[in-house]
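Participant: Any chance you can model this:
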Amino acid sequence: EVITTTGENFVTGGWPNLDNATIINSSNSESNQRIVGFYGNLNIGWKDKVFLNATGRNDYVSNMPAENRSFFYPSLGLSVVLTEAVPSLQTFMSFAKLRATVAEVGQAGPLYVNNTGFRASNPGGFVFPYNGLAAFTQFPTRIDPDLEPENTQSYEFGFDIRFFDDRVGLDYTYYNSTSQGQIFNVPLPLSTGAASEIRNAGEMSSKGHEIILNLNPVRSANFNWGFITNFNSYENKVVELAEGINRIDINSGIIVAERGYDYPSILGQAYFKDPQTGKVVVQSNSSASGYGMPIINPEFGIIGSAIPDFEMNFINNFTYKDLSLSFQIDWRSGGQMFSQSYTETRWRGSNGVTRDREEEVILDAMKGNIEQGELQVDGENDIPIKKDFAYYTAIGRWSPTEQSLQDASFVRFRELSFTYRLPNQLLNNIFVKEASVYFTGRNLFIITDSFTDPEVNHSDNRSSNTAGLEWSQIPQTKSYGLGVRVKF
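Facilitator: Alright, predicted model coming up:
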């Protein structure tokens, strides 16, 4: 339950207290959901060689239409330990296993999709409550009475092989999943009496590869070095949307799901380009608005994807007697984001890219014009301009354009940990069994070409998928910690 109280029209300035407000408004909301689940699990093993695992779950949820509250999803996994099934492999392998899994996962929709509701309103400019009367209006979102839970069908297979007494290990997984009946808020014509409808409106596919390399280069009585690296590459595609719908707004009108494109994708405006050279075309008509500036296509379309090319992390663990040191470095390559902080600071002249705004430049572009709706290219650009307020207004002040996208790649020093364990002989005569002193640090530094932290994302509270959008967010903080661990 959430209760909110706000005050306005303060009597005395500088005193932000509800007692100082002449107008006080309160609101409350309550969210309840009941889930009843039945779960079964079966494990069968044969001579430590072959293992079969089967599960089944049936959920009953309160926040779906009455006829669709029950849904069942099973899974089946099979693995074979090759080094046990074929003992001769143990001459050069310490362990080898093959595995495969097929599964289904059900997912209920958001809360309160089983009925429409009402909210307080002030119709006709009147402020309610008025003369003891309250006013309510129906929510602009309606619910499809045939709404069903989402269903994701997936399969994966892989292997786990190790060599030299587990000092070298390689784990590989390929996965492929299809999500059907994705629940989206689909726009409707206002003639229907509603602005949107929650319905099963999409089919998505996701597939990728994950590789884990585990090394133990040094292992001795006093010193040990362990190294783990993880590589992950994947793609998410929107396969299908509801009939008549090609695009669905996911987040703030910028992050969208569009048929045939990555999910999530970035919606914005591109520049007209010369079909021969691929260069941007600037306005050559001196009497037209934006003379010498790139010509923006008025049609909105997909201009970027938040999906990275790959992600990796590197974890090192060193131990020498009672000292241990570990650290993790993360690397993400590719993917894009729209940073409102970048576009606004650029437009206001506080961004570092505007330092040359007083210098005349000739953009590396072609020049041309739009005549009768068609692009006409006149040749190489020779129009001098200044990258000042007018320029950054022309290339996109608030809405996403090609020049406002950021490369979301980064290398981040994620975590550092240093621990000293007190020798046992110091603890023999006291009741402490083990004690250690440690130092930790997180987010120690980041290397990126992005204007802001590419891992910080904005949500308009309609979707959990916020990748690809930053809107005046605060970057992640660097933190340090020092402490003592004691076991009795």
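Participant: Dig out what Leu213 forms beta bridges with.
Facilitator: Beta bridges link Leu213 to Leu170, Thr229, judged by DSSP bridges.
Participant: need the contact list for Glu415.
Facilitator: By CB atoms under 8 Å, 6 or more residues apart in numbering, Glu415 lies in contact with 326-328, 440-442. All C-beta atoms are positioned from the backbone trio N, CA, C, and that covers glycine.
Participant: Can I get the buried part of the residues you listed as one PyMOL selection?
Facilitator: In PyMOL syntax, the buried subset of the contacts of Glu415 is picked out as below (16 or more other CB atoms under 10 Å):
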select buried, resi 326+327+328+441+442
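Participant: Just the closest of the contacts of Glu415 to Val239, please.
Facilitator: Of all these, Val239 sits closest to Gln328, with 35.2 Å by CB to CB.
Participant: what about this protein, any weak spots by pLDDT?
Facilitator: Along the chain, the model assigns pLDDT under 70 to residues 112-116, 429, 459-465.
Participant: Pick out whichever of the contacts of Glu415 sits closest to Ile23.
Facilitator: Arg442 (43.6 Å).
Participant: Kindly indicate whether the closest one is helix, strand or coil.
Facilitator: Per DSSP: H, G, I helix; E, B strand; the rest coil, the secondary structure class of Arg442 is strand.
Participant: Report the beta-bridge partner residues of it.
Facilitator: Under the criterion used (DSSP bridges), Arg442 bridges to Glu415, Ser479.
Participant: sorry, back to before: in TSV: the contacts of Glu415, plus distance to Phe338.
Facilitator: Listed next are these as TSV, based on distance: CB to CB, whole Å:
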residue	distance to Phe338
Ser326	35
Phe327	32
Gln328	28
Thr440	33
Gly441	31
Arg442	27
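Participant: Going by distance to Pro384, which of the contacts of Glu415 wins?
Facilitator: Arg442 (48.4 Å).
Participant: Quick check: buried residues in the lengthiest helix in the chain?
Facilitator: Assignment by DSSP state H gives helix 340-348 as the longest helix of the chain. Within helix 340-348, the residues scored as buried using 16+ other CB under 10 Å are 340-347.
Participant: likewise stretch 218-225?
Facilitator: If you call a residue buried by 16+ other CB under 10 Å, then stretch 218-225 has these buried ones: Trp225.
Participant: Would you mind measuring the gap between the ends of it?
Facilitator: Start to finish, the residues bounding stretch 218-225 are 5 Å apart (CA to CA, to the nearest Å).
Participant: Give me the residues contacting it.
Facilitator: Contact with stretch 218-225 is made by 167, 216-217, 316-321, as judged by CB under 8 Å, 6+ apart.
Participant: Counting neighbours, which of those residues end up buried?
Facilitator: Buried members of the contacts of stretch 218-225, counted by 16+ other CB under 10 Å: 216, 317-319.
Participant: Next step: these restricted to helices.
Facilitator: Using DSSP H, none of those sit in helices.
Participant: give the contact list for Gly109.
Facilitator: 63-64, 147, 149-150, 183, 198.
Participant: ok, what's across the strand from the residue nearest to Arg485 when sequence neighbours are not counted?
Facilitator: Excluding the flanking residues, the one nearest Arg485 by CB to CB, 6 or more residues apart in numbering is Ser436, at 4.9 Å. Per DSSP bridges, the residues bridged to Ser436 are Arg421, Arg485.
Participant: Now do Ser436: how many residues are near it, please.
Facilitator: Ser436 has 15 neighbours, counted by other CB atoms under 10 Å.
Participant: Okay, it and Ser88: tell me how far apart.
Facilitator: 45 Å (CB to CB, to the nearest Å).
Participant: Using the three-state scheme, assign Glu67.
Facilitator: What three-state DSSP gives for Glu67 is helix.
Participant: The chain: helices as residue ranges?
Facilitator: Along the chain, the stretches classed as helices by DSSP H are 82-85, 340-348, 389-394.
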